[in-house]
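1. turn this into a structure:
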Amino acid sequence: MMVPENLNYTSWLTVKQMMNKHFRVIHPGDSLRTVIQYYQDSRLDTLPVVDNNNKLIGVFPKKRLYKALLDGSSLDDPCTPYIVNKPISVSWDLCYDEISMVVRSSKSLVDYVVVVDNHSKPVGMIGTAEYLRGSQKVIMTSHVLLESIFNANYEGIIVIDNNGKILRINPIAEKMFGLKASKIKNSHLERVLPDLKIFSKGNRGIKQTIQSLPVIVSQMPIIADDVQIGTKIAFVDISDMEEMARELEIIKDLQTNLDGVLNASSDGVFVSDVKGLIKYVNESGCRLINDSAEAMTGIPIKKLLSEVPAEVSKTGVAEVEECIINDRNCIVSHIPINKDIYGETETVGVVSTVYLDDNRLTEEIARKWLSLRQQVQYYRDELEKRGNSFDNLVSKNQAFMKMKSDAQRIARSSSTVLLTGESGVGKDMFAHAIHAASPRANHPFVKVNCAAIPESLLESELFGYTPGSFTGASKKGKIGYFTQAHEGTIFLDEIGDMPLSIQAKILQVLQDKQFMQVGGVTPEKVDVRIIAATNKNLRDAIKEGAFRLDLYYRLNVIQFNLPSLRERSEDILPLADVFITKYNEILGANVIGISQAAQDALLVYSWPGNIRELENAIERAANYVWEGEIGIEHLSAQIFQFGQKVHEPSSYRAVLSDVDKEMLMVALKKAKGNKSAAARLLKMSRSAFYEKLGKYNLS
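-> Residues are numbered from 1 along each chain as shown. Purely as a prediction, here's the structure:
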């Protein structure tokens with residue numbers, strides 16, 4: 001069945017849709033025999049006549065053929081004398097109601113009317129049969145449309161005849177009054193619904209209670225040819241509306257009480273939504289800003305107070321700040337408004353309370369708050385100084401000191417840095433130092449261990465995801481590490497272990513400064529500096545197909561290959577002193593130094609775990625010695641385990657003697673037998689070195 005494009009039934013059918021396209025055209029000069037053949041082919045009673053340009057010039061009705069034969073014309077005679085010139089034609093884009101008039105007016109002359117296009121060329125024929133078929137389609141479509149409206153209407157509808165008998169009832173009315181259409185059809189309405197008042201004339205919007213149900217009743221006559229043939233009665237259930245009205249009254253009362261409480265406060269109260277737009281301001285807030293609540297509603301609260309509410313709405317954590325409003329010092333607290341949505345707590349707004357400085361309580365709050373803020377800032381600055389600067393990278397090694405100088409210089413830029421070196425050489429501290437020396441120092445430093453996060457979660461952790469992106473995802477979505485590091489630095493540790501699928505997205509961030517969240521449809525721009533680190537040989541990984549060559553070149557803009565601790569042995573003891581100071585503070589110990597024998601052991605040991613292993617060794621020793629000097633007996637056995645032999649001395653002196661001898665042997669081995677070089681390695685005078693060689697018969 002044809003689907004109507006609009007609800008005007010007269011436009012549902014056009015001539016083009018109804019016409020008969022199976023026809024033949026006649027040209028002037030065609031014989032009567034040809035005309036008969038065309039009639040037989042098309043089975044029509046009228047055929048169009050066209051000129052050499054195929055434009056309509058007349059018609060040839062079958063009646064004219066009969067007249068020609070009665071006149072004694074031969075079948076081979078031309079049909080020209082019997083053509084009806086200047087015929088009535090119909091444009092193919094006329095609608096159903098327009099064609100009906102044309103067909104009726106031309107019925108007395110021809111059985112079929114020619115259908116022409118916009119160039120007056122015949123494209124079809126239309127007559128009574130086609131019109132009737134079209135009419136049937138209109139009636140069927142109208143019936144389906146009216147039935148769908150009748151059954152889907154929000155109102156309950158009952159149709160009765162002039163005697164009050166029920167003709168139709170829709171499902172809504174059945175449900176309202178507990179009726180069945182099959183049981184009440186042809187029953188009198190008064191017996192079915194005795195509570196219903198029927199009026200002689202139409203009425204709209206009359207409230208009645210029918211079978212204990214409050215409804216609005218509208219009664220309208222059904223008119224056909226100026227005669228009433230029945231009545232349509234519509235019912236609107238207002239029980240829900242009355243309940244809503246009662247709830248609205250309760251809400252109005254609550255609103256009045258809330259306004260009273262908030263307006264009684266001497267503090268300014270501002271309520272904003274999650275976007276930071278003001279939804280409510282109390283009277284004190286209006287006086288503070290010198291503006292009306294209506295004028296402030298809908299504007300961003302950060303224009304009046306600060307940007308903190310936007311952060312509170314994201315984090316769900318209360319914030320306190322100090323600000324100046326119209327030359328008045330104020331303390332402002334921002335408290336999130338949380339709502340339980342499907343079992344999850346979601347922040348839907350923020351209440352910002354402005355405490356003015358015109359009372360003693362507020363002055364006390366401001367004083368304590370300022371003191372706390374200064375303390376927090378002090379400790380934050382101290383942590384920055386102690387943990388994240390190049391000054392904390394202790395070294396006497398000339399190559400490493402030059403590396404620090406180069407790193408301080410490049411820290412001013414935003415170029416990507418690649419840190420390589422063995423595990424434990426301090427790549428993360430070096431990355432922290434670059435960030436602390438950069439213009440981004442006051443923005444986040446986000447560290448990501450690429451090897452510690454499962455591959456299935458790494459993409460969502462790095463780039464975040466939109467709400468409901470996958471099964472088990474938070475309905476609020478999640479921001480990723482790159483978004484957290486915006487305007488700061490992201491440190492991608494162990495990048496050599498990153499899966500290839502994620503490497504492609506990292507490359508996109510490096511090239512375009514944007515990425516797509518998991519489940520997202522629009523890219524997000526981000527301003528971050530990337531520092532990557534690895535203890536793997538990335539060129540070998542590239543050959544094995546485990547690392548992208550293009551990503552390697554994008555990461556390797558500036559590279560620092562941090563030396564191992566055994567390559568900077570002059571830094572072993574200074575670093576040990578730093579760790580002693582650190583763990584004295586942590587443990588409450590009082591370690592004052594390292595004995596000479598222990599120092600010698602530390603210097604000779606190869607330190608495969610580098611600085612991390614040295615720190616662990618000092619932490620262990622500090623736990624054992626607690627106060628005084630760290631002796632060789634406080635070090636782990638592996639530190640004085642040279643070669644394959646594990647020393648198990650029977651006494652303290654045996655330990656010292658064995659270690660002393662082993663150190664001499666190792667030093668000679670490293671110096672390839674050069675005694676002067678071995679003495680320098682152990683930082684001993686030549687005479688003391690030769691004396692020890694003689695003592696242990698090593699000369």
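
2. mind listing the helices for the stretch 51-200 of the chain?
-> 62-70, 96-106, 128-152, 171-177, 181-184, 189-192 (DSSP state H, counting those that start in this stretch).

3. any low-confidence regions in the stretch 101-250 of the chain?
-> 101-111, 128-153 (pLDDT under 70).

4. what ranges does the stretch 301-450 of the chain have for its helices?
-> Going by DSSP H, counting those that start in this stretch, the stretch 301-450 of the chain shows helices at 308-315, 360-387, 398-410, 427-436.

5. mean pLDDT for those helices: which is lowest?
-> Ranked by mean pLDDT, those bottom out at helix 360-387, with a mean of 59.

6. find the centremost residue of the chain, please.
-> Thr466 (3.5 Å; C-alpha atoms, centre = their mean).

7. so who does it touch?
-> 477, 517-520 (C-beta atoms under 8 Å, 6 or more residues apart in numbering). Heads up, the C-betas are built off the backbone N, CA and C, glycines and all.

8. which one of these has the most neighbours?
-> Top of these by neighbour number is Gln517, holding 22 neighbours under the definition other C-beta atoms under 10 Å.

9. quick check: that residue vs Leu693, distance?
-> Gln517 sits 69 Å away from Leu693, going by C-beta to C-beta, to the nearest Å.

10. now swap in Thr80 and tell me
-> Distance from Thr80 to Leu693, by C-beta to C-beta: 140 Å.

11. wait, what's in contact with Arg620?
-> Counted by C-beta under 8 Å, 6+ apart, Arg620 has contacts 634-636.

12. buried subset of these?
-> 634-635 (16 or more other C-beta atoms under 10 Å).

13. now the contacts of Arg620 as CSV including secondary structure and distance to Gly58?
-> Formatted as CSV, the contacts of Arg620 follow (DSSP: H, G, I helix; E, B strand; the rest coil; distance: C-beta to C-beta, whole Å):
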residue, secondary structure, distance to Gly58
His634, helix, 123
Leu635, coil, 121
Ser636, coil, 117
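
14. and the contacts of Arg620, which is closest to Thr297?
-> Nearest to Thr297 among these is Ser636, at 68.8 Å by C-beta to C-beta.

15. I'd say the closest one and Ala617 touch.
-> Yes: using C-beta atoms under 8 Å, Ser636 makes contact with Ala617 at a distance of 6.4 Å.

16. which one in the protein is furthest away from the centre?
-> Most remote from the centre of the chain, using C-alpha atoms, centre = their mean: Gly72, at 88.0 Å.

17. distance of it relative to Cys79?
-> 15 Å.

18. circling back to that earlier point, name the nearest of the contacts of Arg620 relative to Glu294.
-> Ser636 (74.2 Å).

19. which residues does that closest one contact?
-> Ser636 makes contacts with 617, 620, as judged by C-beta under 8 Å, 6+ apart.

20. I'd like to know how far it sits from Gly609.
-> For Ser636, the distance to Gly609 - C-beta to C-beta - is 11 Å.

21. then Leu44?
-> 102 Å.

22. likewise Ser501?
-> For Ser501, the distance to Gly609 - C-beta to C-beta - is 32 Å.

23. ditto for Gln508
-> 36 Å.

24. quick one: which of the two has more around it?
-> Between Gln508 and Gly609, Gly609 has the larger neighbour count (other C-beta under 10 Å), namely 17 against 14.

25. wait, doesn't that one sit right on Asn616?
-> Yes: counting by C-beta under 8 Å, Asn616 is a contact partner of Gly609 at 7.4 Å.

26. burial measure for the closest residue to Glu619 other than its chain neighbours, as a count.
-> Distances taken as C-beta to C-beta, 6 or more residues apart in numbering place Tyr583 nearest to Glu619, at 5.3 Å, with adjacent residues excluded. Counted with other C-beta under 10 Å, residues neighbouring Tyr583 total 19.

27. could you say what helices and strands the helix or strand where Tyr583 lies packs with?
-> Element membership for Tyr583, per DSSP states H and E: helix 572-587. Packed against helix 572-587 by the contact rule (3 or more C-beta pairs under 8 Å, 6 or more residues apart in numbering; DSSP states H and E) you find strand 590-594, helix 596-604, helix 610-625.

28. now the angle from the last one to helix 572-587?
-> I take that to be helix 610-625. 50 degrees (axes from the mean of the first three to the mean of the last three C-alpha atoms, to 10 degrees).

29. right, and the helix or strand after helix 610-625?
-> Counting by DSSP H and E, the next helix or strand C-terminal to helix 610-625 is strand 627-630.

30. sheet-wise, list the partners of that following strand with their directions.
-> strand 590-594 (parallel) (DSSP bridges).

31. and the partner strand, which residues are buried?
-> Buried residues in strand 590-594 (16+ other C-beta under 10 Å): 591, 594.

32. and it, how far out from the chain middle?
-> Centroid separation for strand 590-594 versus its chain: 56 Å, with C-alpha atoms, centre = their mean, to the nearest Å.

33. can you list the neighbours in contact with that strand?
-> Everything outside strand 590-594 that qualifies as a contact, by C-beta under 8 Å, 6+ apart, is 573, 576-577, 580, 583-584, 602, 621-622, 625-630.

34. least trustworthy helix or strand in this protein by mean pLDDT?
-> helix 96-106 (a mean of 53; mean pLDDT, DSSP states H and E).

35. thinking again about what came up before, of Thr80 and Leu693, who's got more company?
-> Comparing Thr80 with Leu693 by other C-beta under 10 Å, the one with more neighbours is Leu693, at 18 against 14.

36. alright, calling it a day.
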